[in-house]
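Student: Sequence first, then the predicted structure, then my questions.
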Amino acid sequence: MLEVRDLVAGYGLTRVLEGVSLEVKAGEIVAVLGSNGAGKTTLNMTISGLVRPRSGEVLFEGQRITGLSPAQVMERGLIQVPEGRKIFPNLTVRENLELGSYRRARPNRARNLEKVFATFPRLRERVAQGAGTLSGGEQQMLAIGRGMMAEPRLLILDEPSLGLSPLLVEEMFTLIRRLHGEGLAIMLVEQNVAQSLDIADRAYVLEHGVFALSGPAATVRDDPELKRAYLGL
Amino acid sequence: MLEAVANGLLTGAVYGLVALGLTLVYGVLHIINFAHGALLTMAMYAAWVCWAVFGLDPYVAILPLVPIFFAVGYAVQRFVIMPASQGDDNNILLVTLGLSIVLENAMLAIFRSDTLSVQVPYAMEVIEAGPMLLSFPRVVGFGVTLVVALVLFLVLTRTDTGRAMRAVAKERTGAALVGIDVRHVYAVTFAIGCACLAISACLLLPSFYVNPRVGNAFVLVAFTIVVLGGMGSVPGALLGGLFIGVVESLSGLYLGDSLGQLGIFVIFILVLLFRPTGLFGARA
């Protein structure tokens, strides 16, 4: 479904990704793990068209999407829920969600809004509230809900558990499993190694801009290389 | 006194309309548009040409000039400011400054430095409201400004384009990820700012004159209003405009006509000293 080939990308003179290749097949959860600064967010930004790659290519459902604008990428159903949520703090919860279908799935806006509220009853309670006044967990729900409004074919979740309490982290992983259960392909980009490997089918471990390790989640979990790549030991 | 307040409110509304475009562009694009004054001058000349060449009443000229200036604004942002500035905020500042110099001198070349005005029968007419005598062009200006503000409010809150503008104002990356074309939104915002200027120009012309530098006088006041209301705040611009109108009118009453603008700049300095975020500004 998603195929990344030899991607090299960075900002200005700095190279962050030094040639990474990965694949997400339909219906899979693929975890991309790595410590701070390993290049996880750069990878997402490049896939979504916000950062132009120096070389390499990205294919989505067999078609090359390298060089497309973020709008053209999301129009095909590749939706990213970014790190730090990036919700619109000055808009209400409803307006945030409705903008999720700004370019894609607009005719189904009312139906999808109901679906999001069914998944996150909390958001229904806060529908007229300014998004900036929500708690961290609620903002994360809103960010995911906004992504769901566009009827994703593949959902990239960038650090959805960041800054959440352990209880909410648990809830977040239950939710990801549930979305996956509905047939959605998910690329989960996380620092939270144990829980991500629990729900993922396959995993990649990013270290200094290259994949140090990859394979089925169970194999990666037991690989002694994981600790080294992750902790730098 | 009461009459001075009322006339101040009426004048202030049009000041607010000029400031509206400035604050909208600042709020969404985070740039200060130094070409705002030159664009206002250009709009006033356009309204004058409509009257002098085509015999259109300035108020009727609003109808053709709004779409024209919307298109001009869109094109200027998309094809001049954006490519020339290459995304660097300092460059944008210089590009708009350069643009204002080019526009002003183009108008100087075309219209010479003579002051032009239109003669309309209602320019000196007054409306009796109880004990007060209110200038007819100012009452019209006030009414039209209120309508424009209402329309703008509805666009910003009820349409996807308006919501996209507010989204881009605070969160560009998030906006791009939901498929909002940020550059298009920038251009639309700039276009709306220019359309507001076209309306302001048509409202000002019956009771004012036009020369190649006339826009600067208004924009200086508009900057004060934007700072007073809070940079980027739309209601702040309108209320600030009304307030400044009253200040100007009252200081004119007590200090004499030639010192009327003194009060405005006293306010400007006081705001900067004691409440630099403005009345409706977000805390930094």
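Tutor: That came through fine. As the structure is a computational prediction, the values presented were derived from the model and not from experiment. Numbers count the residues shown, from 1 in each chain, chains lettered A, B, ... in the order given.

Student: what does chain A put close to chain B?
Tutor: Counting by CB under 8 Å from any CB of the partner chain, chain A comes close to chain B at A:48, A:50, A:69-71, A:74-75, A:79-80, A:82, A:85-91, A:95, A:98-100, A:102-104, A:146, A:150. The way it works is simple: take the backbone N, C-alpha and C, and place the C-beta from them, glycine included.

Student: In PyMOL, how would I select the buried members of those?
Tutor: Buried members of the residues of chain A next to chain B can be picked out in PyMOL with the line below, counting by 16 or more other CB atoms under 10 Å in any protein chain shown:
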select buried, chain A and resi 48+50+69+70+71+74+79+80+82+85+86+87+88+89+90+91+95+98+99+100+102+103+104+146+150
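
Student: Just the residues of chain A next to chain B: which are in helices?
Tutor: Mapping these onto helices (DSSP state H) picks out A:P70, A:A71, A:M74, A:E75, A:E95, A:E98, A:L99, A:G100, A:R146.

Student: Max pairwise distance over those: which two?
Tutor: Of all pairs drawn from these, the one with the longest distance (CB to CB) is A:E75 and A:E95, at 20.8 Å.

Student: give the contact list for A:E28.
Tutor: Residues in contact with A:E28, defined by CB atoms under 8 Å, 6 or more residues apart in numbering or on different chains, are A:M1, A:A185, A:I186, A:D201, A:R202.

Student: how about JSON lines for the residues you listed, with secondary structure, distance to B:I267 and neighbour count added?
Tutor: Shown next, in JSON lines, are these (DSSP: H, G, I helix; E, B strand; the rest coil; distance: CB to CB, whole Å; neighbours: other CB atoms under 10 Å in any protein chain shown):
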{"residue": "A:M1", "secondary structure": "coil", "distance to B:I267": "60", "neighbour count": "19"}
{"residue": "A:A185", "secondary structure": "strand", "distance to B:I267": "59", "neighbour count": "22"}
{"residue": "A:I186", "secondary structure": "strand", "distance to B:I267": "56", "neighbour count": "22"}
{"residue": "A:D201", "secondary structure": "coil", "distance to B:I267": "65", "neighbour count": "16"}
{"residue": "A:R202", "secondary structure": "strand", "distance to B:I267": "64", "neighbour count": "21"}
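
Student: and the closest residue to A:Q80 other than its chain neighbours, helix, strand or coil?
Tutor: Closest residue to A:Q80 apart from its sequence neighbours, by CB to CB, 6 or more residues apart in numbering or on different chains: A:I156 at 4.2 Å. The three-state label given to A:I156 by DSSP: H, G, I helix; E, B strand; the rest coil is strand.

Student: Next, the contact list for A:I156, please.
Tutor: A:N44, A:I47, A:S48, A:L78, A:I79, A:Q80, A:V81, A:I186, A:M187, A:V189.

Student: my guess is A:P89 contacts A:A131, does it?
Tutor: Yes - the criterion here is CB atoms under 8 Å, and A:P89 meets it with A:A131 at 5.5 Å.

Student: Dig out what A:V20 forms beta bridges with.
Tutor: A:L7 (DSSP bridges).

Student: what's the spacing between A:G215 and chain B?
Tutor: Distance, A:G215 to chain B, using CB to the nearest CB, to the nearest Å: 30 Å.

Student: Give me the residues contacting the longest helix seen in chain A.
Tutor: Under DSSP H, the helix in chain A containing the largest number of residues is helix A:166-181. The contact list for helix A:166-181, computed with CB under 8 Å, 6+ apart, reads A:27, A:29, A:119, A:136-137, A:140, A:144, A:148, A:155, A:157, A:160-161, A:164, A:186, A:188, A:192, A:195-196, A:198-199.

Student: Now, of the residues you listed, which are buried?
Tutor: Here, 16+ other CB under 10 Å leaves A:29, A:119, A:137, A:140, A:144, A:148, A:155, A:157, A:160-161, A:164, A:186, A:188, A:192, A:195-196, A:199 buried among the contacts of helix A:166-181.

Student: Which of those fall within helices?
Tutor: A:T119, A:G137, A:Q140, A:I144, A:M148, A:Q195, A:S196, A:I199.

Student: near chain A, which residues of the stretch 151-284 of chain B show up?
Tutor: So far as CB under 8 Å from any CB goes, the stretch 151-284 of chain B lies against chain A at B:160, B:163-164, B:166-167, B:169-171, B:173-181.

Student: ok, 10 Å please
Tutor: B:157, B:160-164, B:166-184, B:282 (CB under 10 Å from any CB of the partner chain).

Student: Show the residue spans covered by the strands in chain B.
Tutor: Secondary structure of chain B (DSSP state E): strands at B:126-129, B:132-135.

Student: Save the ones you listed as a markdown table, and put in mean neighbour count and mean pLDDT too.
Tutor: Formatted as a markdown table, these follow (neighbours: other CB atoms under 10 Å in any protein chain shown; pLDDT from 0 to 100):
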| stretch | mean neighbour count | mean pLDDT |
| --- | --- | --- |
| strand B:126-129 | 11 | 86 |
| strand B:132-135 | 16 | 87 |
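
Student: Where does pLDDT dip in the stretch 151-284 of chain B?
Tutor: Within the stretch 151-284 of chain B, the ranges that satisfy pLDDT under 70 run B:282-284.

Student: Against chain B, how distant is the most centrally placed residue in chain A?
Tutor: In chain A, the centroid-proximal residue (CA atoms, centre = their mean) is A:L157; its distance is 1.8 Å. A:L157 is 12 Å from chain B, where distance means CB to the nearest CB.

Student: is it true that that residue touches A:V81?
Tutor: Yes - taking CB atoms under 10 Å as the definition, A:L157 is a contact partner of A:V81 at 5.1 Å.

Student: which neighbours do these two share?
Tutor: A:N44, A:Q140, A:A143, A:I144, A:G147, A:V189 (CB atoms under 10 Å, 6 or more residues apart in numbering or on different chains).

Student: Many thanks, have a good one.
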